[in-house]
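> test case, fold it:
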Amino acid sequence: MSDQNITPQETTTPTQVSPLRCITGAIISSGLAYALYSLMIAIATNFASKPLHSQNELVIKISSAVRTLVVGIVALGSGIFGIVAIGLIALAVQLLIQQLSAKPKSN
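Residues are numbered from 1 along each chain as shown. I've put the predicted structure just below:
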């Protein structure tokens, strides 16, 4: 067996967590949360303005379930991005407090 086809693994250094990176991530995440929230409101308004026109009970139940699932999935995405934004802001505050309270090392 020949080891010529084996590619060497790239060594990557992990990036340092900083308050600026946390705030940048929180801004991006909150923007996505707002966009998904606006999409959810638009979808719900569209569904509410177009009622179902069917006499079949099964069709009404299935379409109601599908509408609920669509709005729920978009709401879940909005909520997740919102929680991530709050967590990143909390991490930035924690890092700032740790940096401000750290005592300078004397050699």
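> in what helix or strand does the residue sitting nearest the centre point of the chain lie?
Nearest to the geometric centre of the chain sits Phe81, at 2.8 Å (C-alpha atoms, centre = their mean). Using DSSP states H and E, Phe81 maps to helix 57-101.
> would you pull up how far that helix lies from the middle of the chain?
Distance of helix 57-101 from the chain centroid (C-alpha atoms, centre = their mean, to the nearest Å) equals 7 Å.
> ditto for stretch 96-107
32 Å.
> stretch 30-44 now?
The answer for stretch 30-44 is 12 Å, by C-alpha atoms, centre = their mean.
> excluding its backbone neighbours, what's nearest Ser18?
Leu95 (6.9 Å; C-beta to C-beta, 6 or more residues apart in numbering). Just so you know, the C-beta spots here come from the backbone N, C-alpha and C atoms, and that holds for glycine as well.
> report the separation between Ser78 and Gly31.
11 Å (C-beta to C-beta, to the nearest Å).
> these two: who's more crowded?
Legend: neighbour count by other C-beta atoms under 10 Å for Ser78 and Gly31, higher for Ser78 (20 against 12).
> before we move on, back to that, OK, contacts around the nearest residue to the residue nearest to the centre of the chain once chain neighbours are set aside?
Nearest non-adjacent residue to Phe81, counting by C-beta to C-beta, 6+ apart: Ala33, 3.7 Å away. For Ala33, the contact set (C-beta atoms under 8 Å, 6 or more residues apart in numbering) comprises Ser78, Gly79, Phe81, Gly82, Ala85.
> okay if I get these as CSV plus distance to Gln55 and pLDDT?
Formatted as CSV, the contacts of Ala33 follow (distance: C-beta to C-beta, whole Å; pLDDT from 0 to 100):
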residue, distance to Gln55, pLDDT
Ser78, 35, 97
Gly79, 36, 97
Phe81, 40, 97
Gly82, 41, 97
Ala85, 46, 97
